[in-house]
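Asks: predicted model and sequence follow; I will ask about them next.
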Amino acid sequence: MVRILVNQIGYDSDDTKQAVLQITDTRHPSGEFHIIEELSESVVFRGALKKADPVARWNKGDFYTMDFSSFSPDRKNNHGRNYIIRVPLKNGDLISSSPIEIYGNVLEYKTLSSVMYYFKSQRVTGEYEKIDRNIAFLGGREGRVDMHGGWNDATGDIGVHLTHHSKSGYFNAQQGNLAVFVFYKFYDLIEESRWDYHAIFKRRVIDEASYGADWLMRRRAPSGSFYKTGPLRLPDAYELPDVTRKCGFEQRDDQEKPADERYEASLRSGGGYAVASLAMASRYPYPASEYSAMEYLAAAKESFLHLEAYNSRYTPDGKWNIMDEYSALEATIELYKSDREFGWLMRARKYANAVMSHYVAINSSEGYLSHDDTKRPFFSPAEEGAPILALLHYREIEKDEDRRRKVFDMATSLMRHLITTTDKVSNPFGYVREFWQNSRCERGESFFFPHDSDDAPWWQGENARILSIAAAARKLSSITDDEFFKVRLEKLADDQVSWVLGLNPFDSCMMIGKGRHNPDYYFRHKYDFIGVPSGIVNGITSAIDDAMGIEFVATPEDNPDVDDNWRWAEEWLPHAIWYVYALALKRR
């Protein structure tokens, strides 16, 4: 087999641009590639192929990269011509790509509106909404709560969550609350006149944000915290035994007691971003909102003060870690922007310092963040870019130049470490690799999330992770004066987005309904959870039995032993959320 792998949606004119030739037989390319305008069949660009060394133990053939970043047609247009990449082989064969579009802002034009409709399609409706209007607790707590609203978490999960990965205390992915936060961030960018949209699209974005803000208001518990998952169940520690064997994790004595706080969110398990979202909601009056600006802001302030004082009650080990701190940082940033009280800026400084205190230097220009008071690296299958973004968001409200410089320098060092980790091995796709620690306290670097983490046996594709890093790279690239570093950051971001949209060894676009070779989600070989158009699936992982390998079970034929391919093919809100933010931050 010989095929050309591309971003199947297209390439924005000013993006870095790459394609990859994949060969699994004995044929060889002649050494160059051509870009051909489809209608005229004229050659408009010529370039050289670069052969990559073997990639880990992927066993997906030979890879040759093709860079055509300097080819930038139709910069100002919102439509363009189709192009074909053609590679001559030494035996005289010509290998052609599928037609690709290159113009202005093709990714925005072809996907962002669709992804916003994906969220609308995931709103909780019908019988589930009726149940959620008067829902009971499981596990012993009395009372009933109206907390209707929100978005179904995944195509295979009708639960509605702030987070539902609380058991380890290390991987509390932000879920529905993050969607509200990003929608308001997106609207901010539209309001800054960076976007060529009129009132109708802006209303769709603010409508989705407002819908989510009202849902968060209903999820507030009498304590001031938020109910973190629904239906109202006990935490994930009930579902997976043997919590105490996890490296570095101390199980609380009350872990198995149905105390009120076991239903409620810590800062890391959803409370911080929920507070930030409500503070943001207070700045955007909207006719359909169920609450006033003053009510949103008062709720945000009350909830934050409660969580700040009692956060350790809600954490699995009774301690704060970096996730609590960057979540608190995002909350205090937005409270300061809405309330304009100097005390919130002082708190933001406190939490920015707390996040930065986790910095572990590797050399004079690079380092990583630890997760807690050890040197355990912070890594995440869903939001590894979040602490960098939180620091850069803080920089926008900070007036003290010394503090701004320290934040910028640290974000730069953290991103340089990610780039070094990504570039130190053969990596023709530019997939951002990670520095991890497993449940045995072993540390390493790899392409994909380890199967034996503190959250084992849970592991899955990490499209959310790489898209969150893409968002952080874009944010940092917009403020650095180092032109070489700026280009490298943009390439890092472009590579992650292209991987999701088809430039991967499986030639699979992982945004359902776009491109080709979309995966099919099947559950015990039944198709109850067929993908929703424009949602993004979990993605590619290391091989089931080889951490150096690669796996993507997209259909039953890919691995007959797998009867539920959720790890790869299930859509999940965080993937689409981070995609929206990664694209939104492109426009400056």
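Replies: Yep, that arrived. Bear in mind the structure is a predicted one, so any value in this text is a computation, not a measurement. Residues are numbered from 1 along each chain as shown.
Asks: phi first, then psi, for the closest residue in space to residue 27 that isn't next to it in sequence.
Replies: Using C-beta to C-beta, 6 or more residues apart in numbering and skipping the chain neighbours, the partner closest in space to residue 27 is residue 89 (5.2 Å). Quick note: C-beta positions are derived from backbone N, CA and C, even for glycine. The phi/psi pair for residue 89 (degrees, to the nearest 10) reads phi -100, psi 160.
Asks: surely residue 89 meets residue 49?
Replies: No. Counting by C-beta atoms under 8 Å, residue 89 sits too far from residue 49 to count as a contact (10.9 Å).
Asks: who has more neighbours, these two?
Replies: Shown here are residue 89 and residue 49; by other C-beta atoms under 10 Å, residue 49 has more neighbours (19 against 15).
Asks: so for residue 89 and residue 49, which residues contact both of them?
Replies: residue 29 (C-beta atoms under 8 Å, 6 or more residues apart in numbering).
Asks: any idea what the residue nearest to residue 27 is bridged to?
Replies: Residue 89 has these beta-bridge partners by DSSP bridges: residue 29.
Asks: residues in contact with it?
Replies: Residue 89 is in contact with 2, 27, 28, 29, 30, 95, counting by C-beta under 8 Å, 6+ apart.
Asks: show me the helices in the stretch 451-588 of the chain, by range?
Replies: Using DSSP state H, counting those that start in this stretch, the helices of the stretch 451-588 of the chain run over residues 463-477, 483-500, 566-569, 573-584.
Asks: that older thread, among the contacts of residue 89, which two are most distant?
Replies: 2 and 30 (12.5 Å; C-beta to C-beta).
Asks: looking at those two, which is more packed in?
Replies: residue 2 (17 against 14).
Asks: for the more buried one, phi and psi?
Replies: Dihedral angles for residue 2 - degrees, to the nearest 10 - are phi -130, psi 130.
Asks: cool, and residue 365?
Replies: Phi and psi for residue 365, reported as degrees, to the nearest 10, are phi -130, psi 0.
Asks: look up how far residue 290 lies from it.
Replies: Distance of residue 365 to residue 290, given as C-beta to C-beta, to the nearest Å: 50 Å.
Asks: residue 261 too?
Replies: In this view, residue 261 and residue 290 are 27 Å apart by C-beta to C-beta.
Asks: where does pLDDT dip in this protein?
Replies: 75-80, 193-196, 198, 231-260, 587-588 (pLDDT under 70).
Asks: tell me what angle the lengthiest helix in it forms with helix 463-477.
Replies: The residue-count maximum for a helix in the chain (DSSP state H) belongs to helix 401-423. If you take axes from the mean of the first three to the mean of the last three C-alpha atoms, to 10 degrees, helix 401-423 sits at 130 degrees to helix 463-477.
Asks: residues in contact with helix 401-423: which ones?
Replies: Residues outside helix 401-423 that contact it (C-beta under 8 Å, 6+ apart) are 349, 352, 356, 359, 361-362, 365-369, 388, 391-392, 394-395, 398, 430-435, 445, 469, 472-473, 476, 479-480, 485, 488-489, 492.
Asks: and that helix, what's buried?
Replies: Applying a neighbour-count criterion of 16 or more other C-beta atoms under 10 Å, one finds 403-404, 406-408, 410-419, 421-422 buried in helix 401-423.
Asks: ditto for stretch 439-457
Replies: 439, 446, 447, 448, 449, 450, 451, 453, 454, 455, 456.
Asks: end-to-end on that stretch?
Replies: End-to-end distance for stretch 439-457: 11 Å, by C-alpha to C-alpha, to the nearest Å.
Asks: ok now that stretch, how far from the chain's centre?
Replies: Relative to its parent chain, stretch 439-457 has a centroid offset of 19 Å by C-alpha atoms, centre = their mean, to the nearest Å.
Asks: repeat for stretch 482-500
Replies: Worked out by C-alpha atoms, centre = their mean, stretch 482-500 lies 16 Å from the chain centre.
Asks: put the alpha carbons of it into PDB.
Replies: In PDB, the C-alpha atoms belonging to stretch 482-500 read as follows (Å, rounded to 0.1, in the frame of the first residue of the first chain):
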ATOM      1  CA  ASP A 482      11.000  35.000  19.200                       C
ATOM      2  CA  GLU A 483      10.000  34.400  15.500                       C
ATOM      3  CA  PHE A 484      11.600  31.000  15.300                       C
ATOM      4  CA  PHE A 485       9.900  29.900  18.500                       C
ATOM      5  CA  LYS A 486       6.600  31.400  17.200                       C
ATOM      6  CA  VAL A 487       6.800  29.300  14.100                       C
ATOM      7  CA  ARG A 488       7.600  26.100  16.100                       C
ATOM      8  CA  LEU A 489       4.600  26.700  18.400                       C
ATOM      9  CA  GLU A 490       2.300  27.200  15.400                       C
ATOM     10  CA  LYS A 491       3.600  24.000  13.900                       C
ATOM     11  CA  LEU A 492       3.000  22.100  17.100                       C
ATOM     12  CA  ALA A 493      -0.600  23.400  17.200                       C
ATOM     13  CA  ASP A 494      -1.200  22.700  13.500                       C
ATOM     14  CA  ASP A 495       0.200  19.100  13.800                       C
ATOM     15  CA  GLN A 496      -2.200  18.200  16.600                       C
ATOM     16  CA  VAL A 497      -5.200  19.600  14.800                       C
ATOM     17  CA  SER A 498      -4.200  17.800  11.600                       C
ATOM     18  CA  TRP A 499      -3.700  14.500  13.400                       C
ATOM     19  CA  VAL A 500      -7.300  14.700  14.600                       C
END
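Asks: what does that stretch contact?
Replies: Stretch 482-500 has contacts (C-beta under 8 Å, 6+ apart) with 6-7, 15-18, 107, 412, 415-416, 418-419, 422, 429-432, 463, 466-467, 469-471, 473-474, 476-477, 480, 503, 509-511, 536, 539, 575, 579, 582-583, 586.
Asks: all helices of the stretch 251-400 of the chain, in order?
Replies: Using DSSP H, counting those that start in this stretch, helices in the stretch 251-400 of the chain cover 272-281, 293-310, 322-339, 342-356, 386-397.
Asks: same check, this time on the stretch 51-200 of the chain
Replies: Counting by DSSP H, counting those that start in this stretch, the helices of the stretch 51-200 of the chain are 106-107, 113-121, 126-132, 176-191, 199-218.
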